[in-house]
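> kindly generate the corresponding structure for this input.
(2 chains)
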Amino acid sequence: MSIIEVRDLNLYYGQHQALHNINMEIEANSITAFIGPSGCGKSTFLRTLNRMNDMIQGVRIDGSVKVVGEDIYESRVDVEILRKNIGMVFQQPNPFPKSIYENITFGPRLHGITDRNKLDEIVESSLKAAALWGEVKDVLKKPAYGLSGGQQQRLCIARALAVNPQILLMDEPTSALDPISTAKIEELLDELKTTYTIVIVTHNMQQAARISDKTAFFLNGELVEFDSTPVIFQNPCDKRTEDYITGRFG
Amino acid sequence: MIEITPLFPLSARGKGMFTLGRQEILTLNQEVRSKKSQIVVKNEKKNREFGIRTFLIACAFVSVLTTVGIVMVLLFETISFFKEVSLFSFLTDTKWTPLFIPQHFGILPLLSGSLLITLGACLVALPFGLMTAIYLSEYAHEKVRRTIKPILEVLAGVPTIVYGYFALTFVTPLIRSIFPDTGVFNALSASIVVGIMILPMVASLSEDAMVAVPRSLRDAAYALGATKLEVATKVVVPAGLSGIISSFVLACSRAIGETMIVTIAAGATPKLTLNPLESIQTMTSFIVQVSGGDIEHGSIEYSTIFAVGMTLFLLTLGINIIAQWITRRYKEEY
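Predicted coordinates:
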């Protein structure tokens, strides 16, 4: 069953067209990876899925993006509820300058949870889901900035999970991390996919090959090829995909 | 590379790389020597560096020495004041009549006057300033912000005498039309206008602090489903709090130290009151009154202004110290 359906999506920054006629279906409980050279539109496309592009002035979109059957660009859609259901993790770890505990509870509090026990429960379950509980359970009141880069990024994942989303969008979540932290997060993603649908933008083709079920290759704002990961990496249909995979450019 | 005029025919140059002729070696030596002299002889530049360094240190010392000098003068004159008036009566007497008989030297009426003005001004400036800053940093379009920000900064440069007349000729009649019993000189009018005067400073400095909060923190909150208002109040304001508090403190210090507006609009009646509709006198306007009048230098009346000045100085110093403590206590580092 596809949880996200994108039809004829075009996106413009003022006069410049950044995405050309994208069509894509993303399946629930899978990991979908977006690859492609810098500036190919993969991050821009990711941000159309939870309407984070709304904040940028001069962005215009046509076409439709349906999540669980609902067009998210219709005027009756509540963007805040949409973003609660579609979590996002960014390239640079961006914890709030608050304690670890407050970082996790920030989202649940926004959505009206004030009960202390409930919040404690959410903190524990989110940190466990992000494989961070063991490392931080005794320092929950300490500032999040005291954590290492990899821990901070897992904290950001836990923070995103705390509002109980269905889909998790990740924009190059490991590009600022060392190999060990990266491996931990990749391992984590494999576990998370049983509960969540994960869409990940990555610069690292090996990473896409290792973790994803399906891979989409973007070039100059176009979706060149979208298929199951083994096909993309071993037997791509398009010459450009093959050239990119084999390192002829990019 | 050093250019060498070929002595050999072109064909011989390939193998002759290491067999330089006499002429070449001479030129090479000269080149090296001239290079060396460039590297070693740098005294002129060094001297200049030293000169500039000394000059800058001297500049820094001038301002430090001036401050020390001012504090010393304040201190000595204050000490001579307290030789005649006890500190106890200075702090507890509820009358301030140094220029009349019977003389009373109680700072409380002046202190309450200054605090009344400051409190009123902060009530006007802090909420409106903060809201202006939130609007500019979180809601306004880039274009609007680029227009309003410079206007705010111009407002901060309006001479205070102009504000004083604005208080006396516009705000006071307005207040009197609502509360007819209000005096021509009253604390309310002055404090509102002092508030208007410091508002641009609060807005501009708080906005600077908020704009400095990284975009990534806002994105994180938006991605969790926060509204614009929630992002502003729960992420941006807390993260920029230290800058916002320093803008508040700067504004308060300016309100306490403000002289012209209160001298013109608040009157010259030292009175221990919390009623803003009455005429009062602040510490600053008392100093103006005495410095401008024909009080004999060296008399006890004259040295009162130093005691009052000292009080003012300690007050602003105290506020600054408290603010620094608050800033450190609530700082969210990013």
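> who's in contact with the residue sitting nearest the centre point of chain B?
The structure's chain B has its C-alpha centroid closest to B:L250; by Cα atoms, centre = their mean the separation is 5.5 Å. Counting by Cβ atoms under 8 Å, 6 or more residues apart in numbering or on different chains, B:L250 touches B:M201, B:L205. Every residue, glycine included, has its C-beta placed from N, CA and C.
> surely it is within a strand?
No. Counting by DSSP: H, G, I helix; E, B strand; the rest coil, B:L250 is not part of a strand but helix.
> for chain B, what are the nearby residues on chain A?
Within chain A, the positions lying close to chain B (Cβ under 8 Å from any Cβ of the partner chain) are A:50, A:52, A:55, A:57, A:80-84, A:87-88, A:90, A:92, A:94-98, A:106-107, A:110-111, A:143, A:145, A:156, A:159-160, A:163.
> I figured B:G113 hits B:T263, correct?
No. Counting by Cβ atoms under 8 Å, B:G113 stays clear of B:T263, with 11.5 Å between them.
> and the strands in chain A?
A:2-13, A:16-27, A:31-35, A:59-67, A:70-71, A:86-89, A:167-171, A:197-201, A:214-219, A:222-228 (DSSP state E).
> in TSV, list these along with mean neighbour count.
Below are these laid out as TSV (neighbours: other Cβ atoms under 10 Å in any protein chain shown):
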stretch	mean neighbour count
strand A:2-13	17
strand A:16-27	17
strand A:31-35	25
strand A:59-67	16
strand A:70-71	13
strand A:86-89	26
strand A:167-171	23
strand A:197-201	25
strand A:214-219	24
strand A:222-228	18
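> CSV for the ones you listed, including mean pLDDT?
Formatted as CSV, these follow (pLDDT from 0 to 100):
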stretch, mean pLDDT
strand A:2-13, 92
strand A:16-27, 93
strand A:31-35, 95
strand A:59-67, 92
strand A:70-71, 90
strand A:86-89, 94
strand A:167-171, 95
strand A:197-201, 95
strand A:214-219, 94
strand A:222-228, 93
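> between these, which one is nearest to A:T44?
Of all these, it is strand A:16-27 that lies closest to A:T44, at 5.3 Å by Cβ to Cβ.
> which helices and strands sit right next to that closest one?
Contact partners of strand A:16-27 among helices and strands, from 3 or more Cβ pairs under 8 Å, 6 or more residues apart in numbering or on different chains; DSSP states H and E: strand A:2-13, helix A:42-48, strand A:197-201, strand A:214-219, strand A:222-228.
> one more time with 7 Å, if that's ok
Where contact means 3 or more Cβ pairs under 7 Å, 6 or more residues apart in numbering or on different chains; DSSP states H and E, strand A:16-27 is packed against strand A:2-13, helix A:42-48, strand A:222-228.
> now the longest one and strand A:222-228, what's the angle there?
When axes from the mean of the first three to the mean of the last three Cα atoms, to 10 degrees is applied, the directions of strand A:2-13 and strand A:222-228 differ by 160 degrees.
> what sits up against strand A:2-13?
A:17-28, A:44, A:48-49, A:58-68, A:167, A:197 (Cβ atoms under 7 Å, 6 or more residues apart in numbering or on different chains).
> neighbours of A:L189, how many?
22 (other Cβ atoms under 10 Å in any protein chain shown).
> oh, I was asking about B:I70
The burial count for B:I70: 12, using other Cβ under 10 Å.
> same question, B:T147
B:T147: 11 neighbours (other Cβ under 10 Å).
> next secondary structure after the strand or helix carrying it?
Element membership of B:T147, judged by DSSP states H and E, is helix B:142-155. Later in the chain than helix B:142-155, the nearest helix or strand by DSSP H and E is helix B:160-166.
> between B:G113 and B:T263, point out the one with more neighbours.
Set B:G113 next to B:T263 and count neighbours by other Cβ under 10 Å: B:G113 wins out with 31 against 24.
> quick one: contacts for the more buried one?
B:P270, B:I280, B:Q281, B:T282 are the contacts of B:G113 under Cβ under 7 Å, 6+ apart.
> low-confidence ranges, the chain, go.
Defaulting to chain A. Applying pLDDT under 70 to chain A picks out residues A:1, A:250.
> sorry, should have said chain B
Using pLDDT under 70, the flagged stretches of chain B are B:1-22, B:24-26, B:28-29, B:31-42, B:331-334.
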